[in-house]
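Chemist: any chance you could fold what I've pasted below:
(one chain, ligands or ions: 2)
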Amino acid sequence: MTSTTRLTVAQALVRFLAAQYTERDGVRQRLIGATWGIFGHGNVAGLGQALVEYADVMPYHQGRNEQSMVHAAVGYARQSNRLSTHAVTTSIGPGATNLVTGAALATINHLPVLLLPGDIFATRPADPVLQQLEVPYAGDVSVNDSLRPVSRYFDRVTRPEALIPAALQAMRVLTDPVETGAVTLALPQDVQAEAYDWPDEFFAERTWVVRRPGADPTELAEAVRVIRSARRPLVIAGGGVHHSRAEEALAEFAEATGIPVASTQAGKGSLRYDHPQDVGGVGHTGTATADELARTADLVIGVGTRYTDFTTASHTLFAGDGVRFLNLNIAAYDGHKLAGLPLVADARIALTELTQSLGMHEYRVADAYVTEYTEDKERWEQRVDACYEADEPDVRPTQPQVLGALDAIVDETDVIINAAGSLPGDLHKLWRARSRDQYHLEYGYSCMGYEIPAALGVKLAAPDRPVWALVGDGTYLMMPTEIVTAVQEGVAIKILLVQNHGYASIGGLSEETGGERYGTAYRYRSDDGTFTGAPLPVDLAANAASLGMRVLRAKTVRDLREALTEARAADTPTCVYVETQTADTVSGPPPAQAWWDVPVAETATRSSAVKARELYERHVSTRRRHL
Ligand SMILES: Cc1ncc(C[n+]2csc(CCOP(=O)(O)OP(=O)(O)O)c2C)c(N)n1
Ligand SMILES: [Mg+2]
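Modeler: Ligands and ions are numbered 1, 2, ... in the order given. The predicted structure follows:
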């Protein structure tokens, strides 16, 4: 007879999660390192009770907002190379729906996170319970169904024994390098507390191998053939290079062939910035070097990239005659994009195979091509220097000078985190990534508010490294809540808070697209009804201090350097607050080197929109279909 243990569903789930491991390249680690939770009636007596019962095997973190708990878990997962993540438990109703944004972010960025929202009673003894959505046409719908489209796996555990297949499927998806993303197990509040006799095998340690599939021989041979016939090939390194830990294999491929490497936001740092073949970011926020190579490439070799519109400049960037695409990707979905030749495989394995095969043919690009991109790279480096340097150290810095000050004090151990605003573009163009995981940009969802909670997750995964959340004022206001958690847990994250009184990025975009910066500045309402009065008297530095952070205010470039140095050495959560000069008063970062499609009004009475539309149509006419 199988031995069994009588536990509640919630207790069984916690015991099960504590026994799951991943393994890749011979290294084994806990899959679910900890559980975040905010309790309400939907989980307090179920999962809440189970977490206290098993506190010795499942660490618990107390979050402040369900969305930000998911961001923290995602930050942890990314820093852990997707081999380890956290779970997040919530109450029913608003606690559960607050997960939706975090889940979408995780799924879009292919980062694993386990979501455990409470759900309405499975037995329905007293409908409607507090916070229950009643849908007149369907009795089995709850607010948790809003998590289905943003989850890579969704299940509702309406009977205790159904936990067994649901939990196993959840682990399969979390550890599958193609499928992974948000995984949701909705847990009705009555079922969580219900007891069942669980077979003890359910709680035995289980190891999930994170696989590295090799390339199909036909696809590989075809890939070698197209590379051998290419004269101006360009690699675009995406997030998949990092997910696969393929940075060294990529460097060997690049060095053996002479092919330059550009990177997406997720792929930056695939080669160190000072590697002679790293030509920087590509696309709308790319460097002049990379974008010129992209315009004239005859073969684009995408490695682990989804080819978002920022990368393709909304399909206007790759303009070479007869340009072809070779897409090395673990997901066939991405491998077939742009009518490219798919090479569906793990990036590290396939790059190593490509290097070997091309070596046998002694393939190498022409010296003239190498000279061209080497000289171009040098020119771009000089532009970065010019943006970073501050001739007058006693005035308020520009945003690029803020980045220059940070650049001057970090080494390869620092991690910088950012997701939205004008910082992603400036960072993609300017930042000198000194290590493979220094540049942590979430640009799949570009979610304002990701930065601070993600910093917490990254720091939990890498306690010895300086971890910086770079946030604009708008982003700070969206989600400063996890500062309290960092203070509570003594997690010494650093925040660099850039005040420019509103949405500078969207303001600029609005101006270019005929929106006249409407509604993008944080200013008082004027007599004419517009928001063009004086800047608001908010003091975000005082706000951060009120949540328990140590705050250093920097007024000038000189102050900033000192404050950053002090913050870097601090062993408690520390914020550096700086007001920047805005782009209309000073020269900002280099302008966009390629377009991005944001549709402009086809008809309008205001001249700004009419002019913007003319320019828009010129850009649209340059769009190409790659078939
Ligand atoms: C949650 C969320 N809402 C809205 C947006 C659209 N958006 C992108 S950047 C931005 C403004 C960011 O302002 P701030 O953080 O102050 O940075 P700045 O643009 O001033 O550099 C907005 C509203 C977004 N990316 N995420
Ligand atoms: Mg701002």
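
Chemist: distance of the residue in the chain that ligand 2 sits nearest to relative to ligand 1?
Modeler: Going by CB to the ion, ligand 2 is nearest to G472 of the chain, at 3.7 Å. Backbone N, C-alpha and C define where each C-beta goes, glycine included. In this structure, G472 and ligand 1 are 2 Å apart, going by CB to the nearest ligand atom, to the nearest Å.

Chemist: who's in contact with the residue lying closest to that residue once chain neighbours are set aside?
Modeler: Nearest non-adjacent residue to G472, counting by CB to CB, 6 or more residues apart in numbering: G421, 3.9 Å away. Residues in contact with G421, defined by CB atoms under 8 Å, 6 or more residues apart in numbering, are 448, 471-472, 474-475, 503-505.

Chemist: elements contacting the host helix or strand of P453?
Modeler: P453 belongs to helix 451-461 when elements are defined using DSSP states H and E. For helix 451-461, the packing partners by 3 or more CB pairs under 8 Å, 6 or more residues apart in numbering; DSSP states H and E come out as helix 66-79, strand 415-418, strand 467-472, helix 483-489, strand 494-499.

Chemist: now those as CSV including mean pLDDT and mean neighbour count?
Modeler: What follows is the helices and strands packed on helix 451-461, written out as CSV (pLDDT from 0 to 100; neighbours: other CB atoms under 10 Å):
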stretch, mean pLDDT, mean neighbour count
helix 66-79, 98, 29
strand 415-418, 98, 27
strand 467-472, 98, 28
helix 483-489, 98, 20
strand 494-499, 98, 24
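
Chemist: any chance of the ones you listed in CSV, plus distance to D197?
Modeler: Shown next, in CSV, are the helices and strands packed on helix 451-461 (distance: least, CB to CB, whole Å):
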stretch, distance to D197
helix 66-79, 31
strand 415-418, 45
strand 467-472, 45
helix 483-489, 37
strand 494-499, 49
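
Chemist: nearest to D394, out of these?
Modeler: Between D394 and the helices and strands packed on helix 451-461, the tightest spacing by CB to CB is seen for strand 494-499, at 18.5 Å.

Chemist: who wins for most neighbours among the contacts of G421?
Modeler: The residue in the contacts of G421 with the most neighbours, by other CB atoms under 10 Å, is V471 (30 neighbours).

Chemist: specify the beta-bridge partners of that residue.
Modeler: Beta-bridge partners recorded for V471 (DSSP bridges): L497.

Chemist: pop out the phi and psi values for the residue of the stretch 301-450 of the chain found nearest ligand 1.
Modeler: At 2.6 Å from ligand 1, G421 is the closest residue in the stretch 301-450 of the chain, using CB to the nearest ligand atom. G421 adopts backbone torsions of phi 100, psi -160, taken as degrees, to the nearest 10.

Chemist: check V303 too.
Modeler: Torsion angles at V303 (phi, psi; degrees, to the nearest 10) stand at phi -120, psi 110.

Chemist: doesn't G239 make contact with it?
Modeler: No. Taking contacts as CB atoms under 8 Å, V303 lies outside contact range of G239: 9.9 Å.

Chemist: comparing the two, which shows the higher neighbour count?
Modeler: Each of V303 and G239 had its neighbours counted (other CB under 10 Å), and the higher figure belongs to V303 (30 against 25).

Chemist: how far away is the residue lying closest to that one once chain neighbours are set aside from D426?
Modeler: Spatial nearest neighbour of V303, excluding adjacent residues (CB to CB, 6+ apart): L328 at 4.8 Å. The gap separating L328 from D426 is 29 Å, by CB to CB, to the nearest Å.

Chemist: gap between the longest helix along the chain and the chain center?
Modeler: Counting residues, the longest helix found in the chain (DSSP state H) is helix 367-388. Here helix 367-388 is found 28 Å from its chain centre; the criterion is CA atoms, centre = their mean, to the nearest Å.

Chemist: in the helix or strand following it, what counts as buried?
Modeler: Tracing the chain past helix 367-388, the next element assigned as helix or strand by DSSP H and E is helix 399-409. Residues of helix 399-409 classed as buried: 399-407, 409 (neighbour count, 16 or more other CB atoms under 10 Å).

Chemist: which SSE is the residue of the stretch 101-250 of the chain found nearest ligand 1 in?
Modeler: Closest to ligand 1 within the stretch 101-250 of the chain is T101: 7.0 Å, counting by CB to the nearest ligand atom. Here T101, judged by DSSP H and E, is contained in helix 99-108.

Chemist: which residues does that helix contact?
Modeler: The set of residues external to helix 99-108 that reach it, using CB under 8 Å, 6+ apart, is 66-71, 73-74, 77, 88, 90, 111-113, 115, 117, 146-147, 150-152, 181-182, 184, 442, 444-445, 447, 450.

Chemist: just want the angle from it to helix 66-79.
Modeler: Using axes from the mean of the first three to the mean of the last three CA atoms, to 10 degrees, the inter-axis angle of helix 99-108 relative to helix 66-79 is 20 degrees.

Chemist: before we move on, the earlier item: so which of the buried residues of helix 399-409 comes closest to T35?
Modeler: Set against T35, the nearest of the buried residues of helix 399-409 by CB to CB is L406 (33.3 Å).

Chemist: quick check: domain ranges of the protein?
Modeler: Here the domain assignment for the chain is 4-209, 217-378, 392-501+536-579, based on automatic domain parsing.

Chemist: where does this protein dip in pLDDT?
Modeler: Where the chain drops to pLDDT under 70, the residues are 583-587.

Chemist: find the residue at the geometric middle of it.
Modeler: The centre of the chain sits closest to E442, judged by CA atoms, centre = their mean, with a distance of 2.3 Å.

Chemist: which bits of the stretch 351-500 of the chain sit near ligand 1?
Modeler: Where the stretch 351-500 of the chain comes near ligand 1, counting by CB under 6 Å from any ligand atom, the residues are 420-423, 446-449, 472-475, 478, 500.

Chemist: helices along the stretch 101-250 of the chain, start to end?
Modeler: Taking DSSP state H, counting those that start in this stretch to define them, one finds helices in the stretch 101-250 of the chain at 163-174, 189-193, 217-228, 239-243, 247-257.

Chemist: most packed of the ones you listed?
Modeler: When you average the neighbours per residue for each of the helices of the stretch 101-250 of the chain (mean count of other CB atoms under 10 Å), helix 239-243 leads with a mean of 26.

Chemist: and that one, what does it pack against?
Modeler: For helix 239-243, the helices and strands in contact under the criterion 3+ CB pairs under 8 Å, 6+ apart are helix 347-360.
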